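Peer 1: no sequence for this one, just the structure:
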């Protein structure tokens, strides 16, 4: 074989080897590109799912916060209504006519007063002199205080052992403590 043929054969083999290497490199590049695109899609999908989950969490949090704020506002309005009911009740107790005020005073003194207690009336109590004439006052030897008590209507009892606040404000506060839930259920029926 001639020198030129050998050179030609070497060049031909080199070209063939170069083409094979280039094709192999192109195939590997295509394979790696496909894998990279697949990883990118998976990563993109994972990121999209993560973003959606975060958006859902944020929206759920905002919705929960809105429900809580709404519940707080509703509760505040319910309290305002119940406050109004008890304010009206206090106003009506303060506005009792003579007969109603004396009946209530007689019941309260009979139930709560102890012998020798002193009765101190609210500044706006209109029937103090009439209460002083009730039989229970004489029977239990109650004294009428010359000083007025700073209370919301009615009177208090000052005793040797303990004082008793049976003012209208205290009576309504005790009633509210016991019956507020029941009252709210009646006022705010749902469904």
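Peer 2: Good, I have the coordinates. Predicted model, so just to flag it, every value in this text is computed and none were measured.
Peer 1: I'd like to know which elements the helix or strand where residue 60 lies is packed against.
Peer 2: Per DSSP states H and E, residue 60 falls inside helix 3-94. With contacts taken as 3 or more CB pairs under 8 Å, 6 or more residues apart in numbering; DSSP states H and E, helix 3-94 sits against helix 168-187. C-beta: built from backbone N, CA, C; applies to glycine.
Peer 1: Packing partners of the helix it packs on?
Peer 2: For helix 168-187, the packing partners by 3+ CB pairs under 8 Å, 6+ apart are helix 3-94.
Peer 1: Need the residues that contact the helix or strand that the helix it packs on is followed by.
Peer 2: Next in sequence after helix 3-94, counting helices and strands by DSSP H and E, comes helix 98-112. With CB atoms under 8 Å, 6 or more residues apart in numbering as the test, helix 98-112 has contacts from 93, 96, 119, 126-127, 130-131, 134, 136-137, 140, 142, 154-155, 157, 164, 166.
Peer 1: same question, stretch 122-140
Peer 2: Counting by CB under 8 Å, 6+ apart, 94, 98, 101-102, 105-106, 109-110, 113-117, 119, 121, 142, 144, 148-155, 167-168 sit against stretch 122-140.
Peer 1: ends of it, how far apart?
Peer 2: 21 Å (CA to CA, to the nearest Å).
Peer 1: tell me which residues of it are tucked away?
Peer 2: 122, 125, 127-128, 131, 134, 136-137, 140 (16 or more other CB atoms under 10 Å).
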